[in-house]
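Peer 1: Attaching a predicted model along with its sequence, questions to come.
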Amino acid sequence: MAKLQVAIDLLNIDDAIALATKVAPYIDIIELGTPLIKSEGLAGIRKMKDAFPDKLVLADFKTADAGELEANMAFGAGADYITVLGATGDATIAGAVKAAKAHGKGVVVDTIGVKDRVKRAQEAIALGAEFVELHAGLDEQAEDGYSIQVLIDEAARAGVAVSIAGGVNLKSIAAVKNAGVIVAVAGAAIYGAEDPAKAAKELQALAMA
């Protein structure tokens, strides 16, 4: 069984909360995507957590420096998780982990842009990350020949707690779950669906199967 995370890449917090309201019964983690964080700031995190106190809220900061400082900002605003870039230095990850321990929260290391995602995932867990997101960003997904199977294969090899983001949908989620991930991250498959609630419900059923 894998938890289901919805990545909300909208730019307006009211629209994001409206979407989250539709899908909340079927998801475990609400992610405020980086564009939403940049648009709405810390206030957006607080509004989302206030609206869904029983859900885990992830702030997709993609922190690259000042890990402890930025993590304290996110956790102080109500986030349960913050993302730190795997491509940054160990000290930045360790700083964020220090803040997470102080708040009783968690750090997720995002491997977007990392060449050897499996190795970095193992290193990040050793540094104290709660889990690592094997992530192919939108630009990578747009490249010719991209397949989520690359991430699925990496998850199966990693041997540590990972999530997958980058093309999770109804066609791929069974294979994603079977790779041993603890979280499946769906974005456009939910927020781009004609009926987001129906899409989230169907994804949840497959993630829990």
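Peer 2: Great, that's in hand.
Peer 1: Next, count neighbours for L69.
Peer 2: Neighbour count of L69, defined by other Cβ atoms under 10 Å: 12. Where C-beta positions appear, they are placed from N, C-alpha and C, glycine not excepted.
Peer 1: host element of it?
Peer 2: helix 67-76 (DSSP states H and E).
Peer 1: One more: A197?
Peer 2: helix 196-208.
Peer 1: Number of residues surrounding the closest residue to K105 other than its chain neighbours?
Peer 2: Nearest non-adjacent residue to K105, counting by Cβ to Cβ, 6 or more residues apart in numbering: F75, 4.9 Å away. Here the number of neighbours of F75 (other Cβ under 10 Å) works out to 23.
Peer 1: And the strands in the chain, which stretches?
Peer 2: Under the criterion DSSP state E, strands of the chain are mapped to 3-8, 29-32, 56-63, 81-85, 106-110, 131-135, 162-165, 183-186.
Peer 1: which helices and strands does the fifth one pack with?
Peer 2: In terms of contacts (3 or more Cβ pairs under 8 Å, 6 or more residues apart in numbering; DSSP states H and E), strand 106-110 is packed against strand 56-63, strand 81-85, helix 90-103, helix 117-126, strand 131-135.
Peer 1: can you check the second one too?
Peer 2: Here strand 29-32 touches strand 3-8, helix 34-51, strand 56-63, going by 3+ Cβ pairs under 8 Å, 6+ apart.
Peer 1: In CSV: these, plus distance to P25, mean pLDDT and mean neighbour count.
Peer 2: As requested, those are exported to CSV (distance: least, Cβ to Cβ, whole Å; pLDDT from 0 to 100; neighbours: other Cβ atoms under 10 Å):
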stretch, distance to P25, mean pLDDT, mean neighbour count
strand 3-8, 11, 98, 24
helix 34-51, 14, 98, 18
strand 56-63, 15, 98, 25
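Peer 1: Can you add distance to V114 and give the ones you listed back as a markdown table?
Peer 2: Listed next are these as a markdown table, based on distance: least, Cβ to Cβ, whole Å:
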| stretch | distance to V114 |
| --- | --- |
| strand 3-8 | 18 |
| helix 34-51 | 16 |
| strand 56-63 | 12 |
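Peer 1: So which of those is nearest V97?
Peer 2: Counting by Cβ to Cβ, V97 lies closest to strand 56-63 out of the helices and strands packed on strand 29-32; the figure is 11.5 Å.
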